[in-house]
Structures are given as structure tokens and as C-alpha cells.
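Peer 1: Predicted model and sequence follow; I will ask about them next.
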Amino acid sequence: MDPIGKILFLGEVVDSDDPDRLGRIRFLPDSLPERENMKSSLATECVDDTDTVTNLKKKCKWTKDDPFLVSPLLPYSLNITPKVGELIYIIYPVVQDARSQSRIYADQTKYYIPASPSSPMSVAYENKTTAKTNLASGVNFKPQISFKQPGGRIPQKSFGIFPEPDDNAVLGRGTADLILKDDTALLRAGKSNNIVGPTNKLPTENEKRSFLQLTSFTTKQRNQPKTSFPKFGFEYAQLKLLIEWHISNPENLQNVFTGYINIYNVQRQTDERLNTKNFKVDTNVEQLKGVQLPVSINFIGKSFEETLNIFNSFVRGLNDGKIDVTGYTSTPFVPEPGMQFPFAFRPSPATYSKLVKTSGGEMTFDNIIEKNNIMRFFTSIGINSGDKAKGFGIVSQKNLTTVPIGYKTQEVKSKSVENASGSYAILGAEKLYLYSHDSQIGAKKPSLKNTIYGLDQSKFLELEESSNSMVRGEKMLDLLNLIVKFLVGHVHPFHGIPPVPTAMDGTLSADILQKIADAPNSVLNSNIRIN
């Protein structure tokens, strides 16, 4: 028998499909005598002996004649309806007679509150039996795995999946919840893995969850936002290739020359002497020349014009992207577009020493002949006839032997000790869709009819087809800035001819085309879409 004055009873949900959607449920008392007393209180016209659960006719269910009907104690605006088979607490607010051990179980003045689960991992569903695990009547039931590990700490991989004691929360039946902290409102869906049903494993964080976080941060800010201003300067770089031209017999008077033109791969040598800022016509890099490429040429008994043609064809070929000297190169040298720059051309150390050679301050006849012949070559070798760099030059970009001027943004930090606070909204998910009812792309607008309780997968597909990718602002500005720099600095070789592919500041049209080709992935974000 029940203790005198008892108003709280245990019950089991048998039906939660309230036709009026008021959160009411139908239940059976946990104790068998209570069930029988309630059945015996049924009105005669409502008794149905074929119903083995409540003996109640269908027409009387969910009406004032249904003694098993109970309303929620929680307000309607907070709808938490237990599932069939779950445990609830039944509250009778008025004790009929404190001295009596009986009550009228047909009393309609009663309310229910859902029973607490035996573990946070049972939020999806827990039957009335296992829900008693932490009660006196469930002392013999085996509890689920505890969140608190040895040492009293929750593992980092599981921390934050369920509310902390100092925070308020509204929990869903699975991986969705609303967490309310002191200065943060956090709405989450898909927050964790391994959370459904009794298990011997703790749930773990899902890093790709969808969430909306509204936060007000109050911070002590010492650094003010950086101030940026443009800065122009010379752009120096490591040499990649080195060409050396050589005359073995500059002293001859017959206009018949023997020599070579070699090209060396020096880009793997890390030495300041090979930096375009430091490299000169007489810089000693004999130990740094690296690999001599097989396209190098040796010749014997050639006239001045033939020799000059070999030298210029070689240098100008590398400038244009292909070394192929007729009659000398069996296999042309073709570097990747633009990858030959910067390169240098100069006389070999032996040839240059004869050009600047003096003998005790007095020039001999042979010295004069050598110097004159070498000087004829020196003043005629270059990337084109109009370029000022002759005999020796550093080619930084195609057709450019001057040091390119680069544009950089210099940032200056300023100090501050002012207090700063701000509010922030953060929306995150694997795919984000921003939908406006008043906007439309294309001829067809997706219909949101019959989606008041949420969009299904088919509706998401409609949004995908009727939306566009979002633009990454900084990446778009990078592309526009590159285009503007080329437009401002480009030149045309002749009127009506397309511009030179390298602008005066070194900007390449090929770089613009590459960035435009990459734009669908770099500028656009297909995972964030708008209509």
C-alpha cells in the first residue's frame, strides 16, 4: 500500500500521439494495484474488454472520460514529450485525505514530468526499467560507463558534448541541443559520434558539426589593428642559369674565331654571390657553376658575324624560352614557361681578363688586338639589338634586364591598452546555404511549400541547383589587383599588336590566366551558397 499523503507516483507511457498536440500522454501506473483501480473506475460506456492495456474504447481515449490521460507539468512553450515505454513521474497536486491510504485514480487533476535518464547517452530513448538504474528500485541494475574517468576528469574527446553544471541547456533526443552560457548562446546539430543507445564507449566530438554561436567577448586588447601602406622596392632573386661566352683566340687578325658558349644550372647553389643584387661581370663563381647543360656549344674557325650569331641566338633563345641554334644544338633546351628567369650572360673569366688586361700600364700590339676583338663582341651581344645591356646582363623577366620594382604592403603595429568588447555571430557546417525569400537566380525559384517543419534532402538539392557559390573577398581582391597592375604597367611592342606578356613591374599575363583558371576553387567557395 502507498504511504499516507503520497502525491508522486511512477508511470509508464503507453501513447504519446496527442491529437491536439498539447504534449499530453496516456500512461499506466507502475504498480499493478494502481492499474487495476484505474481500470475499475472506467465509465460503463467506455469499457472495452478486448483492449488488454487500458480496457478503454477508442472513442473515450484522449477525452475527459480517459483516466489514463495526463497533462504536462511543464509549460506548453517548452515541449518535452516522453516516448512510449519511457518512465514518467505522475503528480497529484491535492491529497484526497492525508489519513487515508487510498485515492480516486480517475482524478483528472494530475500532471507528469519526464523521468531523468540513467545516463546522458540514453537521451534518445530509455525504457522504464533501465531508467530506474539510479533509483532505489534499480539497485541491482548495471550502470552505463561513467563520464568521469580515474582522477575525476572527463576525457578531452568527450568534454563539452553534454552541458556543464554552470550552464543552462535544452537537449534534443540525439546530437542537437541549445547551450546557454554567461555570454554565449550555442545551437548545435551533429555535435558528436557514438551517442545512440546504451554503449560501453563514450561519445566523441564531431569536428564537422553544424552550429550557430552568438557570443559577446570582453577582452583586454593591447594591439590596435595593423595600419598598411604601400612600399615599392627592387626585387632581387637567386640566379637560376648562367651563360658564359668565350673567345679562345681574340688576338688573331684573320677574323677567324674559335670558342664556346656554355650554360650552367646554378639555382641549387645557395650563395649570396649568385643573388642578382650582388652578381657582377667579374664575380668569381667557379666553384658554384653547378651542372653544365648539354646544350652548350663549341665552335672552330668562324667569322665574327657567324660567332656573334651563335652567341646572340643562344642568349636570345633562352630569353624567348627555347635554345635551338641551327647546326649546333641536336636537342633544343626548352625550360618551363618563365622558369629560366632570372639568368645572367657574361664573358668567361678568361675572356674578360683579356678585355681588362694591362701590362705594366703599357699596352702591347697583341693586347690591343685582343681588346678590340673582345670589345666588338661585348658591345654586340644582348637579348635584342635595342637593349642597353651588352656583353653582360641579368635578365630578370622576358625582355627585361633592369631590376624589377616590386609592390609590397608594409604593416605597422600600434600599441593600445584600451578595453575592447564586441558581439560575434559564427555559423559553421560542412555546407552552408543562405536563402532569401525575395531573391532568385535563373528562371526557377525553389518552392518551400510543405517544409515548415524542416527541409528534407530533396529540398537541399533544389537549393543547390538554384544558388551560387560565395566569393572569398581577399582572394578576389588579389586577382583584381594583379589584373590592375598588369593594365597599368603593360606595354605594346607596336601599335595594334597585343601587349608584351610581361608588364613594366614584372607582372605576367600568364599569372593572371593561372589565377583565373584557379578561381573556381580559390576565389569561389562552393560549400557556402546564396540565392
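Peer 2: Everything's here; your move. Fair warning: this is a prediction, and the values are worked out from it, not measured in the lab.
Peer 1: Check which residues of stretch 237-251 are buried.
Peer 2: Of all the residues in stretch 237-251, those buried under the rule 16 or more other CB atoms under 10 Å are 238-248, 250-251. Where C-beta positions appear, they are placed from N, C-alpha and C, glycine not excepted.
Peer 1: now do stretch 363-372
Peer 2: So for stretch 363-372, counting by 16+ other CB under 10 Å, buried means E370, K371.
Peer 1: same thing with stretch 446-466?
Peer 2: For stretch 446-466, using 16+ other CB under 10 Å, the buried residues are P446, L455, K459, L463, S466.
Peer 1: Nearest to N37 among these?
Peer 2: L455 (48.1 Å; CB to CB).
Peer 1: right, and the closest one touches L448 too?
Peer 2: Yes. Look at L455 against L448 with CB atoms under 8 Å: they come within range, at 7.4 Å.
Peer 1: which stretches of the stretch 1-150 of the chain form strands?
Peer 2: Along the stretch 1-150 of the chain, the segments classed as strands by DSSP state E, counting those that start in this stretch run 8-15, 25-29, 69-72, 87-91, 111-114.
Peer 1: and stretch 43-57, which residues are buried?
Peer 2: C46, T54, N55, L56, K57.
Peer 1: would CSV of the residues you listed with pLDDT and distance to A510 be doable?
Peer 2: Compiled in CSV, those are given as follows (pLDDT from 0 to 100; distance: CB to CB, whole Å):
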residue, pLDDT, distance to A510
C46, 90, 86
T54, 86, 81
N55, 88, 86
L56, 90, 82
K57, 91, 84
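Peer 1: Put together a markdown table for these, with distance to P75 on each row.
Peer 2: Formatted as a markdown table, those follow (distance: CB to CB, whole Å):
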| residue | distance to P75 |
| --- | --- |
| C46 | 30 |
| T54 | 27 |
| N55 | 32 |
| L56 | 28 |
| K57 | 32 |
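Peer 1: Where does the prediction get shaky in the stretch 251-400 of the chain?
Peer 2: Across the stretch 251-400 of the chain, residues meeting the criterion (pLDDT under 70) sit at 358-362.
Peer 1: Nearest to P337 among the buried residues of stretch 237-251?
Peer 2: Using CB to CB, K240 comes nearest to P337 of the buried residues of stretch 237-251, at 13.5 Å.
Peer 1: Grab the nearest non-local neighbour of that closest one.
Peer 2: The shortest distance from K240 to any non-neighbouring residue, by CB to CB, 6 or more residues apart in numbering, is to Q267 (4.0 Å).
Peer 1: Mind listing the residues bridging to the closest residue to V295 other than its chain neighbours?
Peer 2: Leaving out its chain neighbours, the residue that sits closest to V295 by CB to CB, 6+ apart is F333, at 4.1 Å. Per DSSP bridges, the residues bridged to F333 are I323.
Peer 1: ok, F333 - how many residues close by?
Peer 2: Other residues lying near F333 total 19 when counted by other CB atoms under 10 Å.
Peer 1: quick one, what contacts it?
Peer 2: Taking CB atoms under 8 Å, 6 or more residues apart in numbering, we find F333 in contact with I263, L293, V295, G317, L318, K322, I323, D324.
Peer 1: again with Y435
Peer 2: If you count contacts by CB under 8 Å, 6+ apart, then Y435 has L463, S467, I530, N531 around it.
Peer 1: what does V500 give?
Peer 2: V500 neighbours (CB under 8 Å, 6+ apart): K398, N399, H490, V491, H492, P493.
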